[in-house]
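> Sharing a model that was predicted from the sequence below.
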Amino acid sequence: QVQLVESGGGLVQAGGSLRLSCAASGRTFSNYALGWFRQAPGKEREFVAAITSTGGSTRYVDSVKGRFTISRDNAKNAVYLQMNSLKPDDTAVYYCAATPIPLGLGNRAHDYDYWGQGTQVTVSS
């Protein structure tokens, strides 16, 4: 079992940066692949990025490639999402998710078993 808690959201101007963090509890954190999703008002939850258990592989949705970077620190039981060159379209609640499949890089919500409560990111134009 893994519990996830996101932080780092906030209000930023277009072109700015934010770094989201997701703290995880559980002794087997290093066995889990992790993902970030986002959901804007009135829209479906959207895949953003994923990282394998060792951090050796990552995956991104096309709209954030070159702007966002997912990383993890297994010693700290944490996963991060560095977001640069933010756009108003990035405004959403961002969620951290985990799957016990170490090599999982799924881009669908049902690929993940555990979810955090979300953190709001608002990008003003």
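Right, received. Where do you want to start?
> which residue is nearest the middle of the chain?
Trp36 (2.3 Å; Cα atoms, centre = their mean).
> gap between that one and Tyr94?
Plainly put, Trp36 is 6 Å away from Tyr94 if you go by Cβ to Cβ, to the nearest Å. No exception for glycine: its C-beta is placed from N, CA and C like everyone else's.
> Verify the contact between Gly10 and Leu18 for me.
Yes - between Gly10 and Leu18 there is a contact at 6.4 Å, judged by Cβ atoms under 8 Å.
> Pull out the buried positions in stretch 56-63.
59-61 (16 or more other Cβ atoms under 10 Å).
> scratch that, stretch 115-122
Under 16+ other Cβ under 10 Å, the buried positions of stretch 115-122 are 115-116, 118-119, 121.
> Ends of that stretch, what's the gap?
21 Å (Cα to Cα, to the nearest Å).
> ranges for the strands of this structure?
3-7, 10-13, 18-25, 33-39, 46-51, 58-60, 68-73, 78-83, 92-99, 114-115, 119-124 (DSSP state E).
> any chance of these in TSV, with mean pLDDT and distance to Leu105 too?
Putting those into TSV (pLDDT from 0 to 100; distance: least, Cβ to Cβ, whole Å) gives the following:
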stretch	mean pLDDT	distance to Leu105
strand 3-7	97	18
strand 10-13	98	27
strand 18-25	97	16
strand 33-39	98	7
strand 46-51	98	5
strand 58-60	98	4
strand 68-73	98	10
strand 78-83	98	13
strand 92-99	98	9
strand 114-115	96	16
strand 119-124	98	22
